[in-house]
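[1] Provide a 3D model corresponding to the input given below.
(one chain, ligands or ions: 2)
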Amino acid sequence: MATGYAYHEVFGWHDTSSATGLLPSDPAAGLQPYSHFEHPDTKRRMHELVVVSGLIDHLVRVPTREATDEEILRVHSPEHLERIRTQSELPKGGDAGDGISPFGRGGLSIARRAAGAVIECVDAVLAGTVADAYALVRPPGHHAVADSGMGFCIFNNVAIAVEHARTVRGVERIAVVDWDVHHGNGTQSMFYADPDVLTVSIHQDNVFPPRSGAVDERGEGAGRGCAINIPLPPGTGDGGYLHAFDEVIVPAVRAFRPDLVVVSSGFDAGGMDPLARQMVTSEGFAAFTRRVLDVAAECCAGRVVMAHEGGYNPVFVPFCGLAVLQEMTGVHVLDDPFHALLSGMTGHDLKPAEADVVAEVVASVARDAPRPPVLST
Ligand code: 9RB
Ligand code: ZN
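    Residues are numbered from 1 along each chain as shown. Ligands and ions are numbered 1, 2, ... in the order given. This next block holds a predicted model:
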């Protein structure tokens with residue numbers, strides 16, 4: 001069965017305005033105006049590579065739509081939605097909440113569509129129209145918390161789609177795997193006490209949000225054990241990441257036995273990203289994909305929905321995204337021309353400091369395992 005793919009041109013119209021990377025421009029401070037890191041090109045170029053490479057012919061387009069108030073309010077406060085609505089009507093738009101997440105006039109409807117695209121991918125997978133699906137969306141979502149946007153995110157696209165799957169489609173258990181290089185704090189916070197949603201975030205230690213995503217953040221109450229964090233040291237490459245997948249992520253998802261797997265797919269752990277210091281190659285991202293697809297095949301008939309998050313190198317991200325989509329479709333159309341350059345560097349093999357972090361997480365999960373499903377007799 002085919003792989004679904006959702007993208008809409010309006011995602012390129014989400015306007016993060018002029019900035020100096022992630023700081024507001026300020027000539028007096030020497031901050032020469034440039035673009036925001038979260039600018040349209042990276043994702044637009046990924047989409048264009050999907051089309052120009054011909055991979056689009058092997059994907060089933062999933063139409064997007066705007067998420068409704070009701071869908072957004074399952075995870076966000078009415079105050080947050082109202083603030084976004086009000087600012088979206090201003091001539092110059094506003095900010096999602098933390099001062100570094102700007103959006104232009106009309107940004108509400110684009111943010112609604114990003115969440116709606118992930119919802120539609122979930123519905124396509126659950127309906128069996130496609131085996132799995134990838135939503136290439138902007139703005140991203142995984143930092144957004146109930147009452148605020150954060151870290152370039154307005155609404156938590158993945159959390160909204162998870163709640164849709166549960167409340168509307170009756171899906172009981174969902175595993176969220178977040179391989180964006182930043183901690184998936186927003187998604188984690190929304191399901192922190194929920195035993196039916198496993199959140200696993202693998203990220204570079206202490207990048208964003210600051211001091212978030214430590215090994216000891218393991219969920220609370222009935223959800224104790226259902227949050228897992230793997231904060232890897234800077235410089236981690238495919239070896240360290242795949243060790244974490246094999247020792248922690250895959251066993252945890254397998255033990256949890258989800259009915260659906262949702263991936264927060266960022267490419268900012270890539271070896272050429274300006275916002276982090278990891279070394280993952282496009283083959284690494286394909287290998288993450290293979291592992292997620294395989295464990296989902298064991299647990300839930302391969303039902304996987306991926307939602308795009310970060311990734312800020314406009315020339316490299318398209319090849320990482322293509323590698324993931326090639327793995328999903330099983331169709332290889334193009335090699336990554338950057339692969340030789342990146343793989344020629346040292347640092348890809350598992351290093352002792354990385355193995356130590358993974359061992360610490362393994363020990364933590366052994367003490368507090370996610371609750372396995374109650375099997376009906
Ligand atoms: C600033 C701070 C950030 C904010 C967001 C990201 C990446 C988000 C992403 C990275 C660094 C802090 C400007 C903290 O890609 N998520 O997936 N930095 N934010 N303090 N200041 C002044
Ligand atoms: Zn990120």
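[2] any idea how far the most centrally placed residue in the chain lies from ligand 2?
    Most central in the chain under C-alpha atoms, centre = their mean is residue 264, positioned 2.0 Å from the mean C-alpha point. Using C-beta to the ion, to the nearest Å, residue 264 is found at 9 Å from ligand 2. Every C-beta, even on glycine, is put in place using the N, C-alpha and C of the backbone.
[3] that residue reaches residue 159, doesn't it?
    No: applying C-beta atoms under 8 Å, one finds residue 264 not in contact with residue 159, separated by 9.9 Å.
[4] anything in contact with each of those two?
    The contact sets of residue 264 and residue 159 overlap at 141, 187 (C-beta atoms under 8 Å, 6 or more residues apart in numbering).
[5] and the gap between residue 231 and residue 144?
    Distance from residue 231 to residue 144, counting by C-beta to C-beta, to the nearest Å: 20 Å.
[6] give me the more crowded residue out of those two.
    The neighbour comparison of residue 231 against residue 144 (other C-beta atoms under 10 Å) goes to residue 144, with 35 against 20.
[7] sorry, back to before: on the three-state scheme, the residue nearest to the centre of the chain is what?
    Following DSSP: H, G, I helix; E, B strand; the rest coil, we place residue 264 in the strand state.
[8] find the nearest non-adjacent residue to it, please.
    Counting by C-beta to C-beta, 6 or more residues apart in numbering, the nearest residue to residue 264 once its immediate chain neighbours are dropped is residue 178, at 3.8 Å.
[9] isn't that neighbour up against residue 142?
    Yes: Residue 178 lies in contact with residue 142 (C-beta under 8 Å); the separation is 5.9 Å.
[10] overlap in contacts of the two?
    Counting by C-beta under 8 Å, 6+ apart, the residues touching both residue 178 and residue 142 are 158, 184, 187, 264, 266, 309.
[11] test for you: state the pLDDT assigned to the second one.
    The one in question is residue 184. At residue 184, the pLDDT value in this model is 99.
[12] so how far is ligand 2 from it?
    9 Å.
[13] next, the buried residues of stretch 98-110.
    Residues of stretch 98-110 classed as buried by neighbour count (16 or more other C-beta atoms under 10 Å): 100, 101, 102, 103, 104, 107, 108, 110.
[14] surely the third one meets residue 36?
    Translated: residue 102. Yes: with contact defined as C-beta under 8 Å, residue 102 reaches residue 36; the gap is 6.9 Å.
[15] for the helix or strand bottoming out on mean pLDDT in the chain, packing partners?
    Lowest by mean pLDDT, DSSP states H and E among the helices and strands of the chain is strand 18-19, with a mean of 93. Packed against strand 18-19, as judged by 3 or more C-beta pairs under 8 Å, 6 or more residues apart in numbering; DSSP states H and E, are the following elements: strand 34-35.
[16] now the strand it packs on, how far from the centre of its chain.
    Offset of strand 34-35 from its chain centre (C-alpha atoms, centre = their mean, to the nearest Å): 24 Å.
[17] helix or strand for the closest residue to residue 2 other than its chain neighbours, which one?
    Distances taken as C-beta to C-beta, 6+ apart place residue 60 nearest to residue 2, at 4.5 Å, with adjacent residues excluded. Residue 60 is part of strand 59-61, with elements assigned from DSSP states H and E.
[18] buried ones in that strand?
    Residues of strand 59-61 classed as buried: 59, 60 (neighbour count, 16+ other C-beta under 10 Å).
[19] right, and the helix or strand after it?
    helix 69-72.
[20] which neighbours do residue 102 and residue 36 have in common?
    What both residue 102 and residue 36 touch, as defined by C-beta under 8 Å, 6+ apart, is the set 16, 17, 19.
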